[in-house]
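Asks: coords below, sequence missing:
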DNA sequence: GCTTCACCGTGACCTGTATCACGAAAAAAG
DNA sequence: CTTTTTTCGTGATACAGGTCACGGTGAAGC
């Protein structure tokens, strides 16, 4: 295997191996500066901390949601899966952000149509449903946090829609690489073409050809074992 | 012109011609039964009522949002537009529902990336931004209403994504017709193929061919001046 | 009546992309 | 080192769907 330190763990069933730890108020406040002090204290009191290994699945389509999840550290990838196993990347949630679906499912106890997988080792805060609801009225900073989480996810979904509706594979690939670069703050892509193809619901061959076109234009460098991003902004 | 009583009004600039009226608490409570009495009273006090003609545009990409919008009567179509003028239908908002973006933009005063257009004569309730915020803490039924609005829109977006990502035009067309049927409670489609093609970001010719295939299977009847839906569920 | 205009139908064609079938190369496992 | 696995590159091919060109129809306006 050439690369992909993180995305290859194929977890067949709901990932069970979360470990629990504790957390301090300072730590929390650092990652979620917008939350008021009293709320932070309460979170520390009632929330669980879970640590996930890279590649671990933490939510799957149709699963019931029992708690709201905030990402303390690491990053989680949100994607869709169709009946034939085709994947479709939507967006990342990283430190200081929350899973909007879990926030909103809270009241209704509904199931989600999404998959979530840790893309790096990650620390999550799990908050029992009824607090999510209760805090909406009690803490203004919580309500604002929830609403702005929602808005951010919604916007990202909209962008995703724009791309699949209006753009071709080449543009979508560049967009995907840009997001990856932003997310992981690196110019080095350690994913196989096969994996990229999956995330874009395309095929390895297509990605291969497009990558070569990008390399010809000097946008990326194909290093065999990985891809080096040179200047993504020079196209589109 | 053959049909389309409602979708043809090409409004070149932000539609200005909203009329104002008043509303009663009973009326409001009928359309929004989940809202508590005190809240209904307050809405009546502070909200404007706007009436839109069919085809009138009420929000365009990039526009700032000044108030939250609830649909009292009629229906509003939410869609995306790309730079080349390609449209892309996302979902309808009808009586008793709210525009989630406007609810969530409230706090941040941000702009939206969406277009909204009345598809029938519609009555909207316009609520000044700061109440949206204030009521989140004050009225539990409001917070729940906002959150569930959000969730519903989110789910609809997800469905839309599924379709453009994983399905072909034929399935998407059927899905579009189904939504239309549900929305307008009619088995008669009064849209030109050109219009349908626009909403699906496709082309008239393709819709024409697919429609004939559907007619061959007995799913629809092409009546020349309109399309009759016979049994959409018999496919897919 | 004729003209115009919006819509529909259809065949020809092109393009993007998915798929198949290879073989080469590199990495991991033995 | 040898074998196995994984990845990559690439040509051939297939298909969905977008585009073009054209002609037909029915309604509205003159």
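Replies: Received the coordinates, thanks. Please read all numbers here as calculations on a predicted model, not as lab measurements.

Asks: Following element in sequence after the lowest-mean-pLDDT helix or strand in chain A, please.
Replies: One helix or strand of chain A scores below all others by mean pLDDT, DSSP states H and E: strand A:19-21, with a mean of 50. Next in sequence after strand A:19-21, counting helices and strands by DSSP states H and E, comes helix A:25-31.

Asks: Show me which positions of that next one end up buried.
Replies: A:27-29, A:31 (16 or more other CB atoms under 10 Å in any protein chain shown). Every residue, glycine included, has its C-beta placed from N, CA and C.

Asks: just those residues: which has the poorest pLDDT?
Replies: Least confident of the buried residues of helix A:25-31 in the model: residue A:27, at 90.

Asks: from memory it sits against residue A:95, does it?
Replies: No: between residue A:27 and residue A:95 there is no contact under CB atoms under 8 Å: 11.1 Å.

Asks: overlap in contacts of the two?
Replies: Residues touching both residue A:27 and residue A:95 (CB atoms under 8 Å, 6 or more residues apart in numbering or on different chains): residue A:72.

Asks: residue boundaries of the strands in chain A?
Replies: A:19-21, A:48-52, A:57-59, A:67-73, A:75-81, A:87-94, A:115-118, A:122-128, A:188-189, A:220-222, A:227-229 (DSSP state E).

Asks: Direction included, what does the third one pair against?
Replies: Right, strand A:57-59. Partner strands and pairing direction for strand A:57-59 (DSSP bridges) are strand A:115-118 (antiparallel).

Asks: And the strand it pairs with, what's buried?
Replies: Buried, per 16+ other CB under 10 Å, within strand A:115-118: A:115-118.

Asks: just to revisit the earlier point, out of the strands of chain A, which is closest to DNA strand D?
Replies: Nearest to DNA strand D among those is strand A:220-222; the distance by CB to the nearest atom of the strand comes to 5.1 Å.

Asks: anything in the closest one near DNA strand C?
Replies: No: shown here: strand A:220-222 not in contact with DNA strand C (CB under 7 Å from any atom of the strand), separated by at least 11.4 Å.

Asks: do stretch A:180-188 as well
Replies: No: shown here: stretch A:180-188 not in contact with DNA strand C (CB under 7 Å from any atom of the strand), separated by at least 14.3 Å.

Asks: what mean pLDDT does that stretch have?
Replies: 93.

Asks: Any idea how far apart the tips of it sit?
Replies: 9 Å (CA to CA, to the nearest Å).

Asks: Off-centre distance for it?
Replies: Chain-centre distance of stretch A:180-188: 14 Å, with CA atoms, centre = their mean, to the nearest Å.

Asks: so how far is residue A:222 from residue A:208?
Replies: 9 Å (CB to CB, to the nearest Å).

Asks: thinking again about what came up before, DNA strand C: which of the buried residues of strand A:115-118 is nearest?
Replies: residue A:115 (19.9 Å).

Asks: Pull the contacting residues for that closest one.
Replies: Counting by CB under 8 Å, 6+ apart, residue A:115 touches A:57, A:59-61, A:78-81, A:87.

Asks: quick one: residue A:167 from residue A:174, how far?
Replies: Counting by CB to CB, the gap from residue A:167 to residue A:174 is 9 Å.

Asks: next one: residue A:138
Replies: 44 Å.

Asks: neighbour count winner among those two?
Replies: Shown here are residue A:138 and residue A:174; by other CB atoms under 10 Å in any protein chain shown, residue A:174 has more neighbours (21 against 14).

Asks: Chain A: helices as residue ranges?
Replies: A:25-31, A:37-46, A:100-108, A:129-138, A:140-166, A:169-184, A:193-199, A:204-216 (DSSP state H).

Asks: Show me what the last one is packed against.
Replies: The reference is to helix A:204-216. Packing partners of helix A:204-216 (3 or more CB pairs under 8 Å, 6 or more residues apart in numbering or on different chains; DSSP states H and E): helix A:169-184, helix A:193-199, strand A:220-222.

Asks: Could you check the pLDDT of the residue nearest to residue A:149 when sequence neighbours are not counted?
Replies: If the residues on either side of it in the chain are set aside, residue A:149 comes closest to residue A:98, at 4.5 Å by CB to CB, 6 or more residues apart in numbering or on different chains. pLDDT for residue A:98: 93.

Asks: Repeat that for residue A:57.
Replies: Looking at residue A:57, the pLDDT reads 89.

Asks: my read: it touches residue A:122, true?
Replies: No: shown here, residue A:57 and residue A:122 do not form a contact pair, counting by CB under 8 Å, at 12.0 Å.

Asks: where in chain A is pLDDT low?
Replies: Scanning chain A for pLDDT under 70 picks out A:1-22, A:105-112.

Asks: Try it again at 80.
Replies: Residue ranges of chain A with pLDDT under 80: A:1-23, A:61-66, A:85, A:101-113.

Asks: tell me the most buried of the strands of chain A?
Replies: Stretch with highest mean neighbour count among the strands of chain A: strand A:115-118 (a mean of 23; mean count of other CB atoms under 10 Å in any protein chain shown).

Asks: For residue A:89, give me its contacts.
Replies: Residue A:89 neighbours (CB under 8 Å, 6+ apart): A:77, A:79, A:176, A:199-200.

Asks: With distance to DNA strand C added, can I get those in CSV?
Replies: Listed next are the contacts of residue A:89 as CSV, based on distance: CB to the nearest atom of the strand, whole Å:
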residue, distance to DNA strand C
A:77, 20
A:79, 16
A:176, 13
A:199, 12
A:200, 8
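
Asks: ok, these vs residue B:37, which is closest?
Replies: Checking the contacts of residue A:89 against residue B:37 with CB to CB, the nearest one is residue A:79 at 43.2 Å.

Asks: ok, and the closest non-adjacent residue to the closest one?
Replies: Closest residue to residue A:79 apart from its sequence neighbours, by CB to CB, 6+ apart: residue A:89 at 4.9 Å.

Asks: Could you report the distance from that neighbour to DNA strand C?
Replies: 14 Å (CB to the nearest atom of the strand, to the nearest Å).
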